[in-house]
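just the structure for this:
(one chain, ligands or ions: 1)
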Amino acid sequence: MSKKLVIGAAGQLGIELVLALQSQHGVDSIHIADIRVPENEQLLKSTFLHLDATDEGAMHKVFEEGQYEEVYHLAAMLSATGEKRPLAAWDLNMQSLLNVLEAAKEGWIERVFWPSSIAVFGPSTPKTNVPQDAVLDPTTVYGISKQAGEYWCRYYHEKYGIDVRSLRYPGLIGHRSVPGGGTTDYAVEIYEYAALRKPYTCFLKADQALPMMYMDDAVRATMELMAAPKENIRIRTSYNLHAMSFTPAEVGESIRQLIPEFDLNYDPDHRQAIATTWPESIDDHAASADWGWKPELNLDAMTKVMLEAYQSRVIHIAP
Ligand code: AKB
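From the prediction side, this is the model:
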């Protein structure tokens, strides 16, 4: 059992995680699965499995044949899209997780990674430095599915000894892949527009602070969590994870240090109502204490990396 499978490999985090796993373990040790064929040619150097994560039979066939050491199950419908298709979001986010946990129970998977999110928090959660054991009070279907998923993970660990590990990701920002359907997506788009010297209209209000993280930190956190000794993993729901907290206005200022003429406007839409319920910052001491988590990039360092990356290539931006 030395193979690793990434489900949802064509998504924002999936692409980045597969690239990192390929470079650490080699393309032959990694299998990738998605309902869409990834466009990234490097990804396709690993075996690609065309897979609908809600199809229990197809999923179990893949796991039984693959006998995976690790499965990273990333397929999900995010917060904003989930509000447009609540039942489809619930079905995808829950059924697919249960398919993976059942396969682990059968003994076909040694270790599972499943992402949770700051979307598990809500209006009754403290706004700043949210403790690990804070009240979970999600208002979106995505958040409800992540909350339920966290408890399913702990249930399978406690009842069946499944080694399932999870992180509550903040908004993730990277330049090798684009996000799809989240409330924090503006923080990627803004850099694309700035690099093209185009004005950007943000769909959140200027002073909406949210927890965010540069993608390389998120990928490193995932790999460090999965590499940690089993006995160090005290939390089997999902670990709080933090790197930085900023508002759209603060990203604008950070960009203007490098592109003084950057033009940033605001036109909050339905995603603002979701963002309002989420906290601004997270206390991640448990992750530091249990498996040594430490973020590396702050806002200005990330701005420099993001702008350099986008400016060095031709970018396609949807109208
Ligand atoms: C979203 O905005 O839905 C995601 C998340 C914070 O989980 N990026």
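
T184 falls within a helix, correct?
No - counting by DSSP: H, G, I helix; E, B strand; the rest coil, T184 is located in no helix; its state is coil.

does it touch L172 like I think?
Yes - checked against C-beta atoms under 8 Å, the pair T184 and L172 is within contact range at 7.4 Å. To be clear about C-beta, it is placed using only N, CA and C from the backbone, and glycine gets the same treatment.

shared neighbours of these two, anything?
When contacts are counted by C-beta atoms under 8 Å, 6 or more residues apart in numbering, T184 and L172 have M212 as shared neighbours.

ignoring the adjacent residues along the chain, who's closest to G143?
Using C-beta to C-beta, 6 or more residues apart in numbering and skipping the chain neighbours, the partner closest in space to G143 is A119 (3.6 Å).

can you tell me the SS state at the one you found?
Here A119 is helix, with the state taken from three-state DSSP.

now for it: which residues touch it?
A119 makes contact with S79, P138, T140, Y142, G143, K146, T183, I274, W278 under the criterion C-beta under 8 Å, 6+ apart.

next: S117.
Under the contact definition (C-beta under 8 Å, 6+ apart), the residues listed for S117 are S79, Y142, G143, K146, R168, Y169.

do the same with K205
Shown here is K205, whose contacts under the criterion C-beta under 8 Å, 6+ apart are P248, Y266, P268, Q272.

give me the buried subset of the residues you listed.
Among the contacts of K205, the ones that count as buried by 16 or more other C-beta atoms under 10 Å are P248, Y266, P268, Q272.

I'd like the residues you listed laid out as JSON lines, including distance to E110.
What follows is the buried ones among the contacts of K205, written out as JSON lines (distance: C-beta to C-beta, whole Å):
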{"residue": "P248", "distance to E110": "42"}
{"residue": "Y266", "distance to E110": "47"}
{"residue": "P268", "distance to E110": "45"}
{"residue": "Q272", "distance to E110": "42"}
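
which ones among the residues you listed lie within helices?
Here DSSP state H is the test, and the buried ones among the contacts of K205 give P248, Q272 as lying in helices.

any idea which of the buried ones among the contacts of K205 is closest to the ligand?
Proximity of the buried ones among the contacts of K205 to the ligand was ranked by C-beta to the nearest ligand atom; the top entry is Q272 with 12.2 Å.

tally of neighbours for the closest residue to the ligand within the stretch 101-250 of the chain?
When you check the stretch 101-250 of the chain against the ligand by C-beta to the nearest ligand atom, the closest residue turns out to be G182, at 2.8 Å. G182 has 23 neighbouring residues, counting by other C-beta atoms under 10 Å.

so who does it touch?
Taking C-beta under 8 Å, 6+ apart as the contact definition, G182 lies against L78, S79, A80, G171.

do the same with Q42
Shown in contact with Q42 (C-beta under 8 Å, 6+ apart): L19, Q22.

distance check, it against the ligand.
Note on Q42: its distance to the ligand, by C-beta to the nearest ligand atom, to the nearest Å, is 24 Å.

then P38?
With the distance defined as C-beta to the nearest ligand atom, P38 ends up 19 Å from the ligand.

from memory that residue sits against L17, does it?
No - in this structure, P38 is not within contact of L17 by C-beta under 8 Å, at 11.9 Å.

neighbour count winner among those two?
Neighbours were counted for P38 and for L17 using other C-beta under 10 Å; L17 has more, 27 against 19.

what residues does the protein have near the ligand?
Applying the criterion C-beta under 6 Å from any ligand atom, the portion of the chain that neighbours the ligand consists of L78, S79, S117, I118, A119, Y142, Y169, G171, G182, T183, T184.

what's the neighbour count on the fourth one?
What it means is I118. Per other C-beta under 10 Å, the neighbour tally for I118 reads 28.

helix/strand/coil for the residue of the chain positioned farthest from its centre?
Residue farthest from the centre of the chain, counting by C-alpha atoms, centre = their mean, is E261 at 31.7 Å. For E261, the assignment made with three-state DSSP gives coil.
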